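> give me a 3D structure for the following:
(2 chains)
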2 protein chains.
Amino acid sequence: MEILSDPKSARRYVIERQSTGETLAVVPTMGALHDGHLSLVEIGKEKCDRVVATIFVNPTQFAPGEDLDKYPRTLKQDLARLESLGTDAVFVPEVSSMYPDGCTTSVSPPRVAEGLEGSFRPEHFGGVCTIVLKLFQCLPCNVGVFGQKDYQQLLVIKAMVRDLNLPIEVLSGEIIRDQDGLAMSSRNRYLSAVERENALCIPKALRSLQDDVQSGVTSVEELQERLIARLEDSEAVAHAARDAAEGQPIQRGVDSLDYAVVVDSETLEPIEKLNRPAVALVAARVGQTRLIDNCTISV
Amino acid sequence: MEILSDPKSARRYVIERQSTGETLAVVPTMGALHDGHLSLVEIGKEKCDRVVATIFVNPTQFAPGEDLDKYPRTLKQDLARLESLGTDAVFVPEVSSMYPDGCTTSVSPPRVAEGLEGSFRPEHFGGVCTIVLKLFQCLPCNVGVFGQKDYQQLLVIKAMVRDLNLPIEVLSGEIIRDQDGLAMSSRNRYLSAVERENALCIPKALRSLQDDVQSGVTSVEELQERLIARLEDSEAVAHAARDAAEGQPIQRGVDSLDYAVVVDSETLEPIEKLNRPAVALVAARVGQTRLIDNCTISV
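Sure thing, here's the model as predicted:
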């Protein structure tokens, strides 16, 4: 597995292989790899002759006060996992080589970046778009692979690629969950055992939402109310006494809810009825840890 | 000469030629070609195996009320001139294919876009950066050639290319002037004969500035004062009686001056003394026509 740290050598790696007719996929990551990331590498391998992962904790997508400094960095293990999977190359640039002094151009993200994550993290998608565009220039691959856990990000990147005529096919990988149902995330390692138990109300609430849809609920207002109730402690309180009696940790729900919505799955615009493909999107804090999760809803 | 109208065929044109080892230069234009544009095509031909011009009146770099609608469109003559020069291909996309419905991603330009043109045309460089980035994706050439008459634009594009890791070498062509000294511009055709006479105070003032520098003036404040005096009617008024007596059109200077400055030639920041490479930049209106011009000052 080739380790590339310099943008020029990264570009040369891709161009040389494309010149012999090979296709390449890039899987951009911030490291701290879990099975979700690795599933994206598998998708890249299936689709293309070669797959290149990137590991770069991108400072411009973190706001002051967010977790840039404590974001987990596990480079040695990341490289071992990528190598065991047959990844062909990894691009691991320094911050100073991606953002040299005086670097002030950025991407102003597409409309689908507004609202939801865009409201709670106003600079986030600008940073994401900028680094993804830059990575696509350093690694002019045929395919880019992104995870559906960051659902809005996936739509943002698809829109940017289309709007800026980037010659990249964007593929996506399904959410990978741990056995307990929690969507895999590098930030899950911030959770204490009790917080993790509490966090499980998120996948449970999304599964219950799908059950509601199966059983015929089509009012988005009602679905959102039920989703919020399951995420906040209103329902948890009702079960707390029983859980305690059964020796289970008391489910308290999330500590604060940024949003829990059911929206159009392409535009993320509000809808009233489930008469088109929709997605349920949740962002919540459990302890100090901000988690996001989602599920698509087909009708 | 190949005429390309669709982004995909444009890309295919470039990739096919690069795959045989050829290098390509792109010369982005808005059409209404003059010898300034053609000199850029010559630079592209000298530097690369093939040269591709683009003709696209980019709506996103015009503000409401600017001259988008009346901007001169002379496609037939443009194509003839490009062909006679040995241009290999011309990319002439429709607005709807560069900006399809829902296209909302843009480039937020680098710091050097602030001030000067950026102050008088606040959305201008965002539009320029966005279309140039898009054209570079449609036409992934080795070299891009831009004119020095749009001096700040040239710095903006160089900064964007560096900041976003675009694999393009940016070359520039010197200002080409008509015999009377006026910098060639597609907008010169808006000028009446009398306005054109008046507009000549711009190149004259820039030449006089260079004389001042030659004769030892190093105070930027003094240079700027003299430049402004020559552009506005203060000096013209003094000569008006003589000009009239000699049967010359009365030189009235420009009708309004947006700016006339001497600044650092790389950062466009103010300087006090001519102790580093500088540039004099002028933007002024003659009649309804907004003209820009500049000259570099080496010390």
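
> mind listing what's buried in stretch A:200-217?
If you call a residue buried by 16 or more other C-beta atoms under 10 Å in any protein chain shown, then stretch A:200-217 has these buried ones: A:200, A:201, A:202, A:203, A:204, A:205, A:206, A:208, A:209, A:212, A:213. The C-beta positions use only the backbone N, C-alpha and C, and glycine is treated the same way.

> so the second one sits right up against residue A:254, yeah?
If I follow you right, that is residue A:201. Yes - between residue A:201 and residue A:254 there is a contact at 6.4 Å, judged by C-beta atoms under 8 Å.

> for the two, list the residues in contact with both.
residue A:231 (C-beta atoms under 8 Å, 6 or more residues apart in numbering or on different chains).

> follow-up on the earlier one: now distance to residue B:22 and pLDDT too, for the buried residues of stretch A:200-217, in CSV please.
Formatted as CSV, the buried residues of stretch A:200-217 follow (distance: C-beta to C-beta, whole Å; pLDDT from 0 to 100):
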residue, distance to residue B:22, pLDDT
A:200, 59, 96
A:201, 60, 96
A:202, 54, 97
A:203, 54, 97
A:204, 59, 96
A:205, 58, 97
A:206, 53, 97
A:208, 60, 96
A:209, 56, 97
A:212, 60, 96
A:213, 56, 96
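
> farthest-apart pair in these, please.
Longest distance between any two of the buried residues of stretch A:200-217 is 20.5 Å, between A:200 and A:213; criterion C-beta to C-beta.

> ok, then the element right after the lowest-mean-pLDDT helix or strand in chain A?
Lowest by mean pLDDT, DSSP states H and E among the helices and strands of chain A is helix A:233-245, with a mean of 56. Sequence-wise, the next helix or strand downstream of helix A:233-245 (DSSP states H and E) is strand A:256-264.

> CA atoms of that following strand as PDB?
Presented in PDB, the C-alpha positions along strand A:256-264 are these (Å, rounded to 0.1, in the frame of the first residue of the first chain):
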ATOM      1  CA  SER A 256     -30.600  17.700  23.700                       C
ATOM      2  CA  LEU A 257     -32.100  17.500  20.300                       C
ATOM      3  CA  ASP A 258     -30.800  19.700  17.500                       C
ATOM      4  CA  TYR A 259     -33.400  18.400  15.000                       C
ATOM      5  CA  ALA A 260     -35.600  15.400  14.200                       C
ATOM      6  CA  VAL A 261     -37.400  15.800  10.900                       C
ATOM      7  CA  VAL A 262     -39.000  13.900   8.100                       C
ATOM      8  CA  VAL A 263     -38.200  15.700   4.800                       C
ATOM      9  CA  ASP A 264     -38.000  15.200   1.100                       C
END
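
> tell me what that strand is packed against?
Under the contact definition 3 or more C-beta pairs under 8 Å, 6 or more residues apart in numbering or on different chains; DSSP states H and E, strand A:256-264 sits against helix A:117-120, helix A:220-231, strand A:278-286.

> pLDDT of the first one, averaged?
Per-residue confidence for helix A:117-120 averages out to 98 on the pLDDT scale.

> ok, now the longest one?
Average pLDDT, helix A:220-231: 96.

> what does stretch A:99-111 give?
Averaging pLDDT residue by residue across stretch A:99-111 gives 98.

> off-centre distance for it?
21 Å (C-alpha atoms, centre = their mean, to the nearest Å).

> ok, it near chain B or not?
Yes - interface with chain B: stretch A:99-111 contributes A:102, A:103, A:104, A:105, A:106, A:107, A:108, A:109, A:110, A:111 (C-beta under 8 Å from any C-beta of the partner chain).

> how about the residues of the stretch 151-299 of chain A by chain B?
A:159, A:160, A:162, A:163, A:164, A:165, A:166, A:167.

> show me what contacts the first one?
Right, the one you point to is residue A:159. A:109, A:110, A:111, A:112, B:102, B:104, B:105.

> go on, residue A:13?
Applying C-beta under 8 Å, 6+ apart, the residues near residue A:13 are A:2, A:4, A:52, A:89, A:139.

> helix, strand or coil for the closest residue to the last one other than its chain neighbours?
Read that as residue A:139. Counting by C-beta to C-beta, 6 or more residues apart in numbering or on different chains, residue A:26 is the residue found nearest to residue A:139 once chain neighbours are left out, at 4.8 Å. Secondary structure assignment for residue A:26 (DSSP: H, G, I helix; E, B strand; the rest coil): strand.

> and residue A:26, how far is that from chain B?
Going from residue A:26 to chain B by C-beta to the nearest C-beta, to the nearest Å gives 13 Å.

> same check, this time on residue A:187
Counting by C-beta to the nearest C-beta - residue A:187 and chain B are separated by 27 Å.

> correct me if wrong: that residue contacts residue A:289.
Yes - the criterion here is C-beta under 8 Å, and residue A:187 meets it with residue A:289 at 5.7 Å.

> so those two - more neighbours on which side?
Each of residue A:187 and residue A:289 has its neighbours counted (other C-beta atoms under 10 Å in any protein chain shown); residue A:289 has more, 19 against 15.

> show me what contacts the more buried one?
Counted by C-beta under 8 Å, 6+ apart, residue A:289 has contacts A:187, A:188, A:190, A:191, A:195, A:199.

> just the helices from the stretch 1-150 of chain A, written as ranges.
Applying DSSP state H, counting those that start in this stretch to the stretch 1-150 of chain A gives helices spanning A:7-19, A:35-47, A:75-84, A:95-98, A:117-120, A:124-138.

> need the max-distance pair from the residues of stretch A:99-111 next to chain B.
Across these (C-beta to C-beta), the longest gap, 29.6 Å, separates A:102 and A:111.

> those two: who's more crowded?
Using other C-beta under 10 Å, the more surrounded residue of residue A:102 and residue A:111 is residue A:111, with 17 against 12.

> surely the more buried one touches residue B:101?
No - the criterion here is C-beta under 8 Å, and residue A:111 misses it with residue B:101 at 11.6 Å.

> on that earlier part again, considering the contacts of residue A:159, which possesses the most neighbours?
In terms of neighbour count, residue A:109 stands highest of the contacts of residue A:159 at 27 neighbours, by other C-beta under 10 Å.

> now it, nearest residue through space, not along the chain?
residue A:125 (4.2 Å).

> per-residue confidence at that neighbour?
For residue A:125, the model assigns a pLDDT of 98.

> same question for residue A:133.
Model confidence at residue A:133 (pLDDT) stands at 98.

> for it, what are its contacts?
Contacts of residue A:133 by C-beta under 8 Å, 6+ apart are A:107, A:160, A:164, A:166, B:164.

> let's see that with 6 Å instead.
residue A:107 (C-beta atoms under 6 Å, 6 or more residues apart in numbering or on different chains).

> what distance do you get for it to residue B:133?
Residue A:133 sits 8 Å away from residue B:133, taking C-beta to C-beta, to the nearest Å as the criterion.

> now swap in residue A:256 and tell me
Counting by C-beta to C-beta, the gap from residue A:256 to residue B:133 is 39 Å.

> can you mark which positions in stretch A:191-199 are buried?
For stretch A:191-199, burial by neighbour count (16+ other C-beta under 10 Å) applies to A:191, A:195, A:196, A:197, A:198, A:199.
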